[in-house]
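> build me a structure from this.
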Amino acid sequence: MNLEYIYIEGIKYPLSFSLVTAEQIAKKYRDLNVLERNLKDRNYPVDKKLNMLSDIIAMMIYSGVRYCNAYHLDPYKDAPYTQGRFFYLTSEQVKVSLPLDENSIKGLTDKIQKCIRSGNVKKIGTKPFEISGHSKKKKQRS
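Numbering: from 1, shown residues only. The predicted structure follows:
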């Protein structure tokens, strides 16, 4: 899985756009396209944008932290890590920490979109195998 990262109050949180994140967004906002359009719309109320941004960032952090813990990733510099586990922020904690200016909103929106794009690229590896006693080449019939 591709993880993106965001610094909040000096801590580098992992962000992930996974099936869990997509389900959470769908439950709360119903449609990702409408959500993206509202975030880009300059006339959409700033307070609603901030609520959406903090919710989505919190969802992506939650998914990223769950991934780090599930795969026992080693803590990195400035990681949200204590007592042998990565920890996440709630939406309310994210709201308390986010800046309020328009440039920050654009930066957070760009970070979310980047995470969604990288989350849509899944790496699934397979290895060819051979069943014993069978040849890979097809035998021709005469």
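> nearest spatial neighbour of residue 77, chain-adjacent residues omitted?
Of all residues not flanking residue 77 in the chain, residue 12 sits nearest, at 7.1 Å (Cβ to Cβ, 6 or more residues apart in numbering). C-beta coordinates here come from the backbone N, C-alpha and C atoms, glycine included.
> which residues touch residue 35?
25, 29, 52, 56 (Cβ atoms under 8 Å, 6 or more residues apart in numbering).
> about what we covered before: quick check: the residue nearest to residue 77 is in a strand.
Yes: membership of residue 12 in a strand is supported by DSSP: H, G, I helix; E, B strand; the rest coil.
> got a pLDDT number for it?
pLDDT for residue 12: 96.
> what is the burial count for it?
14 (other Cβ atoms under 10 Å).
> from the contact counts, what lies against the top helix by length along the chain?
Determined from DSSP state H, the single longest helix within the chain is helix 46-70. The contact analysis (3 or more Cβ pairs under 8 Å, 6 or more residues apart in numbering; DSSP states H and E) places helix 46-70 against strand 4-8, strand 11-15, helix 19-29, helix 32-40, strand 85-86, helix 91-97, helix 102-119.
> take those and lay them out in TSV including distance to residue 79.
Converted to TSV, these look like this (distance: least, Cβ to Cβ, whole Å):
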stretch	distance to residue 79
strand 4-8	9
strand 11-15	6
helix 19-29	20
helix 32-40	28
strand 85-86	7
helix 91-97	16
helix 102-119	17
